[in-house]
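Undergrad: pasting a predicted model and its sequence here:
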Amino acid sequence: MGFSSLSYSLTTLILILVPLLHVLLAPYTKVEESFNLQATHDLLRFGPAGQEHFDHLKFPGVVPRSFVGSLVLSAIAYPISLLLPLRSKFDLQVLCRLVLAFINSLGLLAIRSAFSRSFGRDVGVLFALLSVTQFHLPFWMGRTLPNMLALLPVNLALAFMLLPPSKPAKTSRGSEKRVLAGLALLTAAATVCRLELVLLLGPLGLQALLERRLDVLEGFVPGVASGVASLGMSLTVGVDTYFWRHPTPLWPELSAILYNVYQGKSAEWGVSPFHAYFTSHIPKLLLASLPLSLFALAVSPPTPRLLAAPAAFVVLFSALPHKEWRFIVYVVPVWNGVAAVGASWIWRRRAKSLLYRLAALGLVGALLLNVLISSFLTFVSIHNYPGGAALSTLHNMHPPSANVSVHIDVPSAMTGVSRFGQLHDSWAYDKDESIVDPTEYVRRFSHLLTADPAAHEGAFETVAGVRAFGGVELDGRWKGLRVPRVRRAEKIWVMQRRDWEAPRGKEEV
């Protein structure tokens, strides 16, 4: 007995709601998300013509990034914001992130639909359950990383290209059109958002050729060329040359690849062994989906071809010394789909024997373990944005009319402070990193957000400390047992100049 149509509908809703819930639980952002988040704010606040006010001109980063994703996100969020009673700019940040999470949920639904058509409704239900009980993908789907801005076209491309060929012996015109659409989407995502996606484009294109779903002369070359020309190069070069005020045509993703790969600068952020993606990052990303996907490869003959290109992508990416889970996050949905095939094989046989019933019980236990792990990681992550919480604390201390000028140091800016969070136009917010003279803080600022209060103790006093995740210790107690306990420690402090006077009377908060 399989899952009902009601179960399928409910898991559709869950697949949409869980990423949205993650946004609401952890509304602040970190430095990895900064460029696209600040660009989205500036586009909404100042418009495309107000470049002189844009954050990236003062804080450009080590390499330029594309504005295209932020343009699309702001264009979708703007009309929605007009219909909602938003109380502050920070509500607009949450709205933008909710929009992104919803858009990326549509990509997951496309992957699920492809697997459901090929393997049945049970696989679609189990795909949703495996996906929403993981941590990394649902938590980050609403975060403005370039990888997340590329996720929708990548998922659509994978859904188009990894369906089993309708006619294995020769190319079907309908199948070829889907492959061409997938190649165009993936090429556009590579040229605009993340150029390393060519490492996925190559294996997928080669697989389509080997399976005779694409003709090398009629399909592959024109597909890539049209994707680059119409959906990628002309768009990103035109848009980003304008916004970066570059004197010559600018392709941000090429600049990033030259800096990180050709010049080898990414290694400065850490080097991992060749096998790290397979032995560390993929197990963390997939959780229970990893053993289930390996089981599926053994019991379901169609599944190896579904993981061939994603696995090749990870192998090719492993040649780069610097490794982060977000670089390979695109393979997670397909891997979950294959895992769902393995889980469905077990679930459908649960009534046949005691062994199958035990296996089905183990499947339920694996999903519950996913929930436990993801809940713990979510709890930790919620308390990992002290900079944003510190700025909110300062806003709660004084009214908009107060003469506040606040300096935001690097650790604060990296852990939750964004332009969306700078609520009061009458206040001065400054992230100047060039200050070396301590007296300049006294001269210019009434308040500080700092990770080093001792450096300012003379002229400033601490008025609040914000606690954040400080590690896990095995000193908790539950019914006499030692259990892990999350330790929280003060990470960012709000300081006020000793001679600064807060407003009095009715304006006080």
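TA: Yep, that arrived. Numbers count the residues shown, from 1 in each chain.

Undergrad: need the three-state assignment for Thr491.
TA: To be clear, residue 491 is Lys; Thr isn't right here. The three-state assignment at Lys491 reads strand, by DSSP: H, G, I helix; E, B strand; the rest coil.

Undergrad: state the distance from it to His424.
TA: If you measure Lys491 against His424 using CB to CB, to the nearest Å, the figure is 24 Å. From N, CA and C alone the C-beta is placed, and that goes for glycine too.

Undergrad: do Pro399 as well
TA: Taking CB to CB, one finds Pro399 at 9 Å from His424.

Undergrad: again with Leu43
TA: Distance from Leu43 to His424, by CB to CB: 21 Å.

Undergrad: just want to know which of the two has more residues nearby.
TA: Applying other CB atoms under 10 Å to Leu43 and His424 shows that Leu43 carries more neighbours, namely 21 against 16.

Undergrad: Gly69 is in contact with the more buried one, correct?
TA: No - between Leu43 and Gly69 there is no contact under CB atoms under 8 Å: 10.9 Å.

Undergrad: contacting residues for Ala468?
TA: 383-386, 389, 415, 488-492 (CB atoms under 8 Å, 6 or more residues apart in numbering).

Undergrad: looks to me like it is in a strand.
TA: Yes - membership of Ala468 in a strand is supported by three-state DSSP.

Undergrad: return the set of residues that bridge with it.
TA: Counting by DSSP bridges, Ala468 is bridged to Ala489.

Undergrad: distance check, it against Pro411.
TA: Taking CB to CB, one finds Ala468 at 10 Å from Pro411.

Undergrad: shared neighbours of the two, which are they?
TA: 491-492.

Undergrad: other SSEs contacting the helix or strand containing Ala413?
TA: Take DSSP states H and E as the rule and Ala413 turns out to sit in helix 410-414. With contacts taken as 3 or more CB pairs under 8 Å, 6 or more residues apart in numbering; DSSP states H and E, helix 410-414 sits against helix 386-397, strand 447-450, strand 481-497.

Undergrad: quick check: next helix or strand after it?
TA: Following helix 410-414 in sequence, per DSSP H and E, is strand 428-430.

Undergrad: the helix or strand hosting Ala190: which residues count as buried?
TA: Take DSSP H and E as the rule and Ala190 turns out to sit in helix 173-192. Buried residues in helix 173-192, defined by neighbour count with 16 or more other CB atoms under 10 Å: 175-176, 178-192.

Undergrad: elements contacting it?
TA: Using 3+ CB pairs under 8 Å, 6+ apart, helix 173-192 sits against helix 151-161, helix 198-210, helix 221-226, helix 234-243, helix 252-257.

Undergrad: so Val332 makes contact with Leu287?
TA: No - if you go by CB under 8 Å, Val332 and Leu287 don't touch, sitting 10.3 Å apart.

Undergrad: which neighbours do these two have in common?
TA: Taking CB under 8 Å, 6+ apart as the criterion, Val332 and Leu287 both touch Gln134.

Undergrad: and stretch 317-328, average pLDDT?
TA: Average pLDDT, stretch 317-328: 94.

Undergrad: endpoints of it, how far apart?
TA: 8 Å (CA to CA, to the nearest Å).

Undergrad: which residues sit against that stretch?
TA: Taking CB under 8 Å, 6+ apart as the rule, stretch 317-328 contacts 32, 136, 140, 145, 147, 196, 199, 260-261, 264, 266-267, 269-272, 274-278, 281-282, 284-285, 313-314.

Undergrad: cool, stretch 376-394 as well?
TA: 22, 25-30, 90, 135, 139, 404, 406, 408, 411-418, 421-422, 447, 449, 464, 466-469, 472, 486, 488, 491-494.

Undergrad: restricted to buried residues, select the residues you listed in ChimeraX.
TA: Burial among the contacts of stretch 376-394 is assessed by 16+ other CB under 10 Å; the matching ChimeraX selection reads:
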select :22,26,27,28,29,30,90,135,139,404,406,408,411,412,413,414,415,416,417,418,421,422,447,449,464,466,468,469,488,491,492,493,494
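
Undergrad: show me where pLDDT drops low in the protein?
TA: Within the chain, the segments meeting pLDDT under 70 span 1, 163-174, 216-231, 475-480, 504-509.

Undergrad: in it, which helix is the longest?
TA: helix 89-119 (DSSP state H).

Undergrad: so for it, what gets flagged as buried?
TA: Using 16+ other CB under 10 Å as the test for burial, helix 89-119 gives 89-105, 107-112, 114-116, 119.

Undergrad: what packs against that helix?
TA: helix 5-25, helix 34-46, helix 68-83, helix 121-132, helix 146-149, helix 151-161, helix 332-348.

Undergrad: among those helices, which is nearest Asp215?
TA: Nearest to Asp215, of all the helices and strands packed on helix 89-119, is helix 151-161, at 15.0 Å by CB to CB.
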